[in-house]
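Visitor: need a 3D model of the following:
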Amino acid sequence: MALLPSILHKAGIRAGIKAAAKSQLVLDGKTLDVTLRPNARAKRIILRLDKQGDGIVLTVPSGTSHGKAMEFAASQGPWIWQQLAKQPDLVQLSTGQIIPVRGVPHRITGRNDRRTPVWCEQSQEETPQDILFVSGDDRHHSRRIKDWLKKQARSDLTGAAHLYADKMETTISRISIRDTSSRWGSCSSDGALSFSWRLIFSPPYVLDYVAAHEVAHLLEMNHSPRFWHLVESHCLATTQAKKWLKANGRSLHRYGV
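Guide: Purely as a prediction, here's the structure:
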């Protein structure tokens, strides 16, 4: 395991990292892209795979040198290889691929007899199968499908979040849908909720649980017994959903990266 020679001679290697930067690391002949992100609140260097699953992200305390960060990454070679080996193959949002929508497999199929960009139907074949139809030029299929999936996620998550807010007698200031890699949802002190659009790939009860979890944080900004009682008393599928996310959550990042 070794750093790329160009890294070793890079100008400013001893200077503290002040802004997000890109680099590369060579492990056993394989070149990995590295994203370095300084964080004033970080107490130590944190390493994780990027959301594509083929590179790494280093969150480093402010003032950490480029060289020290990369040396740390190189020292974690066995762990990196282990995690890379666990990564599922990426699935593009293109014709012929099968992706889950609300936990149900759908085969992506091009069709141009409608003005609607994307829609779902069940095939009339001998063995019924759910189809995700997409119209227009093949070059635009991925974008159209992703836009449609994000719209479905926003609709489902907004509905679930407001339902739980009413039940828990609290108020949401706004809801954002993003493509986060480290968490499925978040809650800020001003009442704003944020969710990953990739939850649309999961079964409805999983999306429902994440909505309940974040709404509960509007009342309890912690994970205390009181918080969990609040979640579990309103979302009966909490235990089942947590197990599903632990076993399958990583796979949600394989679609349409």
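
Visitor: test of understanding: give the bridge partners of Val134.
Guide: With DSSP bridges applied, Val134 shows beta-bridge pairing to Gly110, Val118.

Visitor: any idea how far it is from Ile200?
Guide: Val134 sits 16 Å away from Ile200, going by C-beta to C-beta, to the nearest Å. Yep, even glycine has a C-beta here, placed from its N, CA and C like the rest.

Visitor: repeat for Phe227
Guide: Separation of Phe227 from Ile200 (C-beta to C-beta): 26 Å.

Visitor: neighbour-wise, which of the two wins?
Guide: Neighbour count, other C-beta atoms under 10 Å: between Phe227 and Ile200, Ile200 has more, with 27 against 16.

Visitor: now do the same contact list for the more buried one.
Guide: Neighbouring residues of Ile200 by C-beta atoms under 8 Å, 6 or more residues apart in numbering: Val101, Arg102, Leu149, Lys150, Gln152, Ala153, Asp156, Leu207.

Visitor: which element is the fourth one on?
Guide: Translated: Lys150. Applying DSSP states H and E as the criterion places Lys150 in helix 141-168.

Visitor: per-domain residue ranges of this structure.
Guide: Per automatic domain parsing, the structural domains of the chain span 2-86, 98-254.

Visitor: relative to Gln92, which of those domains is closest?
Guide: domain 98-254 (6.5 Å; C-beta to C-beta).

Visitor: can you get me the start-to-end distance on that closest one?
Guide: One end of domain 98-254 sits 12 Å from the other (C-alpha to C-alpha, to the nearest Å).

Visitor: on that earlier part again, counting neighbours, which of the contacts of Ile200 comes out on top?
Guide: When the contacts of Ile200 are compared by neighbour count (other C-beta under 10 Å), Leu207 ends up highest, at 26 neighbours.

Visitor: was I right to think that residue contacts Asp156?
Guide: Yes: look at Leu207 against Asp156 with C-beta atoms under 8 Å: they come within range, at 5.7 Å.

Visitor: isn't Leu230 up against Glu220?
Guide: Yes: using C-beta under 8 Å, Leu230 is in contact with Glu220, at 6.2 Å.

Visitor: who has more neighbours out of the two?
Guide: Using other C-beta under 10 Å as the criterion, Leu230 and Glu220 rank with Leu230 on top: 21 against 17.

Visitor: helix/strand/coil for the residue most central in space within the chain?
Guide: Computing the C-alpha centroid of the chain and ranking residues by C-alpha atoms, centre = their mean puts Ser181 first, at 3.7 Å. Following DSSP: H, G, I helix; E, B strand; the rest coil, we place Ser181 in the coil state.

Visitor: now do the same contact list for it.
Guide: Each residue near Ser181 by C-beta under 8 Å, 6+ apart is listed here: Arg48, Asp50, Lys51, His253.

Visitor: filter those down to the buried ones.
Guide: Using 16 or more other C-beta atoms under 10 Å as the burial test, these include Asp50, Lys51, His253 as buried.
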